[in-house]
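[1] build the 3D model from these lines:
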Amino acid sequence: MFISIFLEVIFPILVLMALGVFLQRKYSFKLTPFSTLLTVCFMPASIFLNLYRVDIDLIVLSQILLYLLLFTVVMMIVGQLVSWIFRLNGREAVVFKNSISLMNSGNYGLPVSQMIFSANPLGVTIQIFVLVFQNILTYSYGLYNLLSATKSLKAIILSFLTMPIIHALILGILFQSFSIPLPSFIETPLDYLANGFIALALILLGAQLATIKFGLFHRVVTLSIIGRLLVGPTIALLIIFLLDLDGIVAQSLFIASSFPTSRNTATLALQYNVEPELHAQAVLYTTLFSCFTVTGVVSLSMVLF
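    You can find the predicted model right below:
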């Protein structure tokens, strides 16, 4: 099962990421316009259509939100405890805490979920809620760690509300809840955009990784790999059992817990000059090792749920 899942789910992702690495090293693209195109166009279209086309009841939604809150709080506590045990200095602690709490639920997580749950839209929809929750966490907890609360609450809320994925989320829920029909001349171009999301997201992720330099493992990076890829899924599994979740909900949440560190951590760290190299290394190495750990989590999820 491990090998078949690796070949069917992870290997296609690696091919597209490798293509992104090759293209970036050959042509040296400016990645900001592509990243903007992905986040304001392709990803919102995919999010809207997935929500528009799936039924999700309030009980399932409440289970997802409760799980996300518990998982996030526990990971924050783990981050604080490990930072204290290993006596990480202030900046190292920031890298570690962000690297284990903030996951790449967009460029990496959503394409993986779309491949795994292609026959069951509920699995993809759950990943969308995880993605939105992670974005909230990035621009609140993540920024708090980086800036020690120097960014105002108003600025954080405004930056969050202007994100296109939030608009897509709200519109998708409204259109689905009130059964608002979508004209074919609108739905068809949205389909074209959504279908292009996986390829662009993974090629862009590969291109971004191509700009990060390999280096010797710093102890924080090692802790980040262990915390994000091993401790995270273990805690997720315990919470899933605690909440007595099962089926697609349990599978999707468990798989979502295994994704590597969010690339946004490196972007924000560079923007605010808080250990940008360490953040970038955490993103690079957790992404590389996730090829094996994500395959293992997907395999285990199929057996358990």
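[2] quick one: terminal-to-terminal distance for stretch 36-53?
    Taking Cα to Cα, to the nearest Å, stretch 36-53 runs 25 Å from one end to the other.
[3] identify the residues contacting it?
    Stretch 36-53 is contacted from outside by 106-107, 110, 114, 121, 124-125, 128, 131, 163-165, 167-169, 171-173, 175-176, 182, 187, 190-191, 193-194, 196-197, 200-201, 204, using Cβ atoms under 8 Å, 6 or more residues apart in numbering. Yep, even glycine has a C-beta here, placed from its N, CA and C like the rest.
[4] 7 Å instead?
    106, 110, 121, 124-125, 128, 164-165, 167-169, 171-173, 175-176, 182, 190-191, 193-194, 196-197, 200-201, 204 (Cβ atoms under 7 Å, 6 or more residues apart in numbering).
[5] for ChimeraX, what selects the buried ones among the residues you listed?
    Selection of buried members from those for ChimeraX, criterion 16 or more other Cβ atoms under 10 Å:
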select :106,110,121,124,125,128,164,165,168,169,171,172,175,176,190,193,194,197,200,201,204
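[6] which ones are touching the residue nearest the centre of the chain?
    Of all residues in the chain, the one closest to the mean position by Cα atoms, centre = their mean is S105, 1.3 Å from it. The contact partners of S105, taken as Cβ under 7 Å, 6+ apart, are Q127, V130, L131, Q134, A256, F259.
[7] quick check: pLDDT value at it.
    Listed pLDDT for S105 reads 89.
[8] spatially nearest residue to it (excluding sequence neighbours)?
    Computed as Cβ to Cβ, 6 or more residues apart in numbering, the closest residue to S105 that is not its neighbour in sequence is L131, at 4.1 Å.
[9] how about that neighbour, secondary structure?
    For L131, the assignment made with DSSP: H, G, I helix; E, B strand; the rest coil gives helix.
[10] now do the contacts for it.
    Listed by Cβ under 7 Å, 6+ apart, the contact set of L131 reads S105, G106, G109, L110.
[11] separation between it and S224?
    L131 sits 21 Å away from S224, going by Cβ to Cβ, to the nearest Å.
[12] what does K213 give?
    K213 is 17 Å from S224, by Cβ to Cβ.
[13] what helices and strands are in contact with the helix or strand L143 falls within?
    Secondary structure from DSSP states H and E places L143 in helix 143-147. Judged by 3 or more Cβ pairs under 7 Å, 6 or more residues apart in numbering; DSSP states H and E, the packing partners of helix 143-147 are helix 90-101, helix 263-272.
[14] try it again at 6 Å.
    helix 90-101 (3 or more Cβ pairs under 6 Å, 6 or more residues apart in numbering; DSSP states H and E).
[15] what's the angle from the helix it packs on to helix 263-272?
    Using axes from the mean of the first three to the mean of the last three Cα atoms, to 10 degrees, the inter-axis angle of helix 90-101 relative to helix 263-272 is 150 degrees.
[16] could you give me the average pLDDT of the next helix or strand after helix 90-101?
    Where DSSP H and E defines the elements, the next helix or strand beyond helix 90-101 is helix 110-116. For helix 110-116, mean pLDDT is 90.
[17] tell me which other helices or strands helix 110-116 touches.
    If contacts are counted by 3+ Cβ pairs under 6 Å, 6+ apart, helix 110-116 sits against helix 121-137, helix 184-210.
[18] what comes into contact with that helix?
    V9, G123, V124, Q127, I198, A201, L202 (Cβ atoms under 6 Å, 6 or more residues apart in numbering).
[19] nearest residue to the second one in space, ignoring adjacent ones along the chain?
    Of all residues beyond its chain neighbours, the one nearest G123 is F117 (2.9 Å), with distances taken as Cβ to Cβ, 6+ apart.
[20] same question, the last one
    Ranked by Cβ to Cβ, 6+ apart and with sequence neighbours excluded, the top spatial neighbour of L202 is L16, at 3.7 Å.
[21] my guess is that neighbour contacts A201. True?
    No. Counting by Cβ atoms under 6 Å, L16 sits too far from A201 to count as a contact (8.5 Å).
[22] which regions of the stretch 51-200 of the chain sit below the pLDDT cut-off?
    For the stretch 51-200 of the chain, the stretches with pLDDT under 70 are 147-157, 159-160.
[23] do the same with the stretch 201-305 of the chain
    Ranges of the stretch 201-305 of the chain meeting pLDDT under 70: 215-216, 270-272.
[24] kindly recompute the last result at 80.
    Scanning the stretch 201-305 of the chain for pLDDT under 80 picks out the ranges 213-217, 264, 266-274.
[25] all helices for it, in order.
    219-226, 232-242, 247-256, 263-272, 276-304 (DSSP state H, counting those that start in this stretch).
[26] how about residues contacting the shortest one?
    Meaning helix 219-226. E92, V95, F96, S99, L278, Q281, A282, Y285, T286, F289.
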